[in-house]
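> Fold the stuff below for me.
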Amino acid sequence: MQARISTTPTLSRGDELDVLVVFNREAYETHKDEVKDTGVIIYDSGEFSLDDDGGSLGITFEALAKSTGNTWAANMVVMGALGGLVNMP
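You can find the predicted model right below:
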């Protein structure tokens, strides 16, 4: 799924991704080359790991979701990470 989020009108999806969220290695391998040089990759570090290159953020999506008592809350964990990334109150 792709989402275009902006405080101004978005007229196209653009050529590169600012943020890529991946839940598994296959999604990472498929889409990693679409991220711009200054972009960020948020990935489920409970599923796989990436080298610490300053452009990626590993979060244990499922483990954090389980800690809330709702094993289906992984998407909300991701939304929290995205909100923090863009300084959303």
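> Have a look at the protein and report its longest strand.
As assigned by DSSP state E, the longest strand anywhere in the chain is strand 35-44.
> elements contacting the helix or strand following it?
From strand 35-44 onward toward the C-terminus, using DSSP states H and E, the following helix or strand is strand 56-59. Here strand 56-59 is seen to pack against strand 35-44, helix 74-85 when contacts are counted using 3 or more Cβ pairs under 8 Å, 6 or more residues apart in numbering; DSSP states H and E. Where C-beta positions appear, they are placed from N, C-alpha and C, glycine not excepted.
> thinking again about what came up before, would you mind extracting the C-alpha trace of the longest strand of the chain into PDB?
Presented in PDB, the C-alpha positions along strand 35-44 are these (Å, rounded to 0.1, in the frame of the first residue of the first chain):
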ATOM      1  CA  VAL A  35      13.700   5.200  -1.200                       C
ATOM      2  CA  LYS A  36      15.400   8.500  -1.800                       C
ATOM      3  CA  ASP A  37      18.900   9.000  -0.500                       C
ATOM      4  CA  THR A  38      17.600  11.200   2.400                       C
ATOM      5  CA  GLY A  39      14.700   8.800   3.000                       C
ATOM      6  CA  VAL A  40      14.000   6.500   6.000                       C
ATOM      7  CA  ILE A  41      13.300   2.800   6.200                       C
ATOM      8  CA  ILE A  42      11.200   1.700   9.200                       C
ATOM      9  CA  TYR A  43      11.400  -2.100   9.500                       C
ATOM     10  CA  ASP A  44      10.300  -4.900  11.900                       C
END
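> re the thing from before, make JSON lines out of the helices and strands packed on strand 56-59 and add distance to residue 28, mean pLDDT and mean neighbour count.
Putting those into JSON lines (distance: least, Cβ to Cβ, whole Å; pLDDT from 0 to 100; neighbours: other Cβ atoms under 10 Å) gives the following:
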{"stretch": "strand 35-44", "distance to residue 28": "6", "mean pLDDT": "93", "mean neighbour count": "16"}
{"stretch": "helix 74-85", "distance to residue 28": "14", "mean pLDDT": "86", "mean neighbour count": "15"}
